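> one predicted model, sequence on top.
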Number of protein chains: 2
Amino acid sequence: MKIGVLGTGMVGTTIGSKLVALGHEVKLGSRTADNPKAVQWVAAAGGRASTGTFAESARHGEIVFNCTNGGASLDALAAAGADALADKVLVDLANPLDFSRGAPPTLFVGNDDSLGERIQRAFPRTRVVKTLNTVNCNVMVDPGRVPGPHTVFVSGNDPGAKATVIELLRGGFGHGDVIDLGDITTARGTEAWLHLWLRLWGVLRTPDFGIQVVRSRA
Amino acid sequence: MKIGVLGTGMVGTTIGSKLVALGHEVKLGSRTADNPKAVQWVAAAGGRASTGTFAESARHGEIVFNCTNGGASLDALAAAGADALADKVLVDLANPLDFSRGAPPTLFVGNDDSLGERIQRAFPRTRVVKTLNTVNCNVMVDPGRVPGPHTVFVSGNDPGAKATVIELLRGGFGHGDVIDLGDITTARGTEAWLHLWLRLWGVLRTPDFGIQVVRSRA
């Protein structure tokens, strides 16, 4: 499949490399087509990898991943363009982290909003699915780094888009336990989880952890 | 041990009954000493159970549990009195739920605060430990309702107070996995978790679930 990955940081290159390894044609998008990190990534990732602007990456993808920093996501998606993103599944991995007030970061959305919703509101023709933002990017693509079953979540308004993403999470990335939380407003739940994730990171001294939702198997 | 339990709702009576069953002398506190729910609870809970005002309950307890609704907690604690609570361990189980904007509720604290901190600021001589607010009250006192290991958390500024509470969580209530997140500001993490907890409740259709923090056992 042709997949656009927006963002050339740790998350973007990690997701991009995994998708290439799974056999997909991945175009890593950034503000400028000759972004050195993107060029370096293409050299390492091989023949199915390419680079381009946000707009070129979005046009390339049948599915598009938002791997930009939360604070930059709306600008990056605007640069990608509403037309290029129209009708596509946009997999939103970003968190609304606010680093302006020191460590640990806090969130720039309040209790009644989420970055996932902001993106869905700004791009109403795009089918936004929030997922994987509850774990570190290495755990996103390699759940086995965490020793034991653990849970990831999807939030989105479009059932078909969520089915596509769940298939990729299970069959592609190897996540054994995926919970569909409901519509995109449920992204408030997984984004607010960052408050606890950040504190756990501080205590556990590793980002390689996850949570298993433990419940009765009815 | 003599324990004060503030609040006569589901959480207060559930916690109170468990503490009585563990052999403690529990005084359930409410706004008025003759609260019918408290009187009914005493009749059912037996000889080590008694009822009183918030102030009487707080004075009785060597440890005091805040089991009031989050929105009423500061008023209830003010009624209990700063002197009655001075130097005592206050186990804060409440969540800052805001039901004013429909279902699911949201939180009345922002990203940079928590109810636990508000209580600690209002009662600086009291040793506040936030815990168990991440699970339903039945799971608080009976972790085995959830089939499999799962994690609870403590937050607080006083290491001795946290040690006392952890001992009660492990030896009394039977929680096998307790993570000390750090100071009382880490209550932001467990309170913000409610956003995800509420959505999971909606999907799982039972409040009998927990989360296990899955990490490497170094």
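Here it is on my side, so go on.

> going by C-alpha atoms from here, please, whenever you check contacts or count neighbours.
Will do.

> now do the contacts for A:Gly23.
Contact partners of A:Gly23, counting by Cα atoms under 8 Å, 6 or more residues apart in numbering or on different chains, are A:Met1, A:Arg48.

> repeat that for 10 Å
In this structure, A:Gly23 makes contact with A:Met1, A:Lys2, A:Ser17, A:Arg48, A:Gly172, judged by Cα atoms under 10 Å, 6 or more residues apart in numbering or on different chains.

> parallel or antiparallel, list what pairs with the helix or strand hosting A:Lys130.
A:Lys130 belongs to strand A:127-131 when assigned by DSSP states H and E. As defined by DSSP bridges, the strand partners of strand A:127-131 come to strand A:89-92 (parallel), strand A:151-156 (antiparallel).

> ok, back up a step: tell me which two in the contacts of A:Gly23 are the farthest apart.
Greatest spatial distance among the contacts of A:Gly23 (Cα to Cα): A:Arg48 and A:Gly172, at 16.5 Å.

> who touches stretch A:163-174?
By Cα under 10 Å, 6+ apart, the surrounding residues in contact with stretch A:163-174 are A:15, A:18-19, A:21-23, A:63, A:89-91, A:129-132, A:139-144, A:152-154, A:159-162, A:175-180.

> report how far apart the opening and closing residues of it are.
The straight-line separation of the ends of stretch A:163-174 (Cα to Cα, to the nearest Å) is 15 Å.

> could you pull up the mean pLDDT of that stretch?
Average pLDDT, stretch A:163-174: 98.

> ok now that stretch, how far from the chain's centre?
Offset of stretch A:163-174 from its chain centre (Cα atoms, centre = their mean, to the nearest Å): 13 Å.

> what residues of it count as buried?
A:Val165, A:Ile166, A:Leu169, A:Gly172, A:Phe173 (16 or more other Cα atoms under 10 Å in any protein chain shown).

> list only buried entries from the contacts of stretch A:163-174.
Looks like the contacts of stretch A:163-174 have A:15, A:18-19, A:63, A:89-91, A:129-132, A:139-141, A:143-144, A:152-154, A:161-162, A:175, A:178-180 buried, using 16+ other Cα under 10 Å.

> which other helices and strands contact the strand or helix carrying A:Ser57?
A:Ser57 is part of helix A:54-60, with elements assigned from DSSP H and E. With contacts taken as 3 or more Cα pairs under 10 Å, 6 or more residues apart in numbering or on different chains; DSSP states H and E, helix A:54-60 sits against strand A:2-6, strand A:25-30, strand A:49-53, strand A:63-66, helix A:73-80, helix A:82-85.

> hang on, A:Thr68 is in a helix, isn't it?
No. Judged by DSSP: H, G, I helix; E, B strand; the rest coil, A:Thr68 forms no part of a helix; its state is coil.

> I'd like to know how many residues surround it.
26 (other Cα atoms under 10 Å in any protein chain shown).
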